[in-house]
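Engineer: Got a predicted structure here, sequence first:
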Amino acid sequence: MLLATYTGHPHEAGLDEAGRGCLAGPVFAAAVILPPDFNPQFLNDSKQLTARRREALRPVICAEAVAWAVGEASVAEIDELNIANASYLAMHRAVAALAVPAAHLLVDGNRFRPHPALPHTCVVGGDALYRSIAAASILAKTFRDEHMQQLAAEFPAYGWGQNAGYPTVTHRAAIRAHGPTPHHRPGFRLL
């Protein structure tokens, strides 16, 4: 059973990202503040859920959260800053876009670039421990997957509708055959 809160503060925001290990596309992050009694069935780390369950939970999270927001960092920003700093930038953008200000940030992982105005706590595996981080992981993943589906329509050869830009055999074979697109990350080892 996932925990409701780390600090006990009603405006604690869970933070997570999606797309760090991809070869193409932006990195997305989500910030989510949940009501204390929010605990829908199947809420968990997005990686532990099927795509259908993630998609079913997304509107529930968006409708019932105290506040939620998604941020992203572009391929150009990833290239300029590196993937870790671009992930932090996406997280900061998500926090800045919250309709209700956060009081504390609960971040999935072991590193974070401190927010200038908010305290934070990093939790390794937090998306499988805390509801707000699990919800953030679901939003980051589903919004990023949706974005990659849109890019897949423009560049169908790369299989982004199935691999979301991750380094699969099929994706790498398409890069070998067709070369990189403007959406591929130039600083990453594509082949």
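Structural biologist: Arrived safely. Numbers count the residues shown, from 1 in each chain.
Engineer: Can you list phi and psi of residue 184 for me?
Structural biologist: phi -80, psi 150 (degrees, to the nearest 10).
Engineer: Can you name the residues that contact it?
Structural biologist: The contact partners of residue 184, by C-beta atoms under 8 Å, 6 or more residues apart in numbering, come to 23, 24, 75, 175, 190. Heads up, the C-betas are built off the backbone N, CA and C, glycines and all.
Engineer: Tell me the most packed of those residues, by neighbour count.
Structural biologist: Within those, most neighbours by other C-beta atoms under 10 Å means residue 24, with 26 neighbours.
Engineer: I figured it hits residue 181, correct?
Structural biologist: Yes - the criterion here is C-beta atoms under 8 Å, and residue 24 meets it with residue 181 at 6.9 Å.
Engineer: Give me the common contacts of these two.
Structural biologist: Common neighbours of residue 24 and residue 181 (C-beta under 8 Å, 6+ apart) are residue 158.
Engineer: before we move on, the earlier item: now for the contacts of residue 184, which pair is the farthest apart?
Structural biologist: Largest separation among those by C-beta to C-beta: 75 and 175, giving 14.4 Å.
Engineer: which SS state does the nearest residue to residue 109 once chain neighbours are set aside fall under?
Structural biologist: Excluding its sequence neighbours, the residue lying closest to residue 109 (C-beta to C-beta, 6 or more residues apart in numbering) is residue 122, at 5.8 Å. Here residue 122 is recorded as strand under DSSP: H, G, I helix; E, B strand; the rest coil.
Engineer: okay, now residue 21: neighbour count?
Structural biologist: Residue 21: 11 neighbours (other C-beta under 10 Å).
Engineer: Next, the contact list for the nearest residue to it once chain neighbours are set aside, please.
Structural biologist: Among residues not flanking residue 21 along the chain, residue 166 sits closest, at 6.3 Å (C-beta to C-beta, 6+ apart). The contact partners of residue 166, taken as C-beta under 8 Å, 6+ apart, are 21, 22, 23.
Engineer: Remind me which helix or strand the residue nearest to the second one when sequence neighbours are not counted belongs to.
Structural biologist: So that's residue 22. Spatial nearest neighbour of residue 22, excluding adjacent residues (C-beta to C-beta, 6+ apart): residue 165 at 3.7 Å. Using DSSP states H and E, residue 165 falls within no helix or strand.
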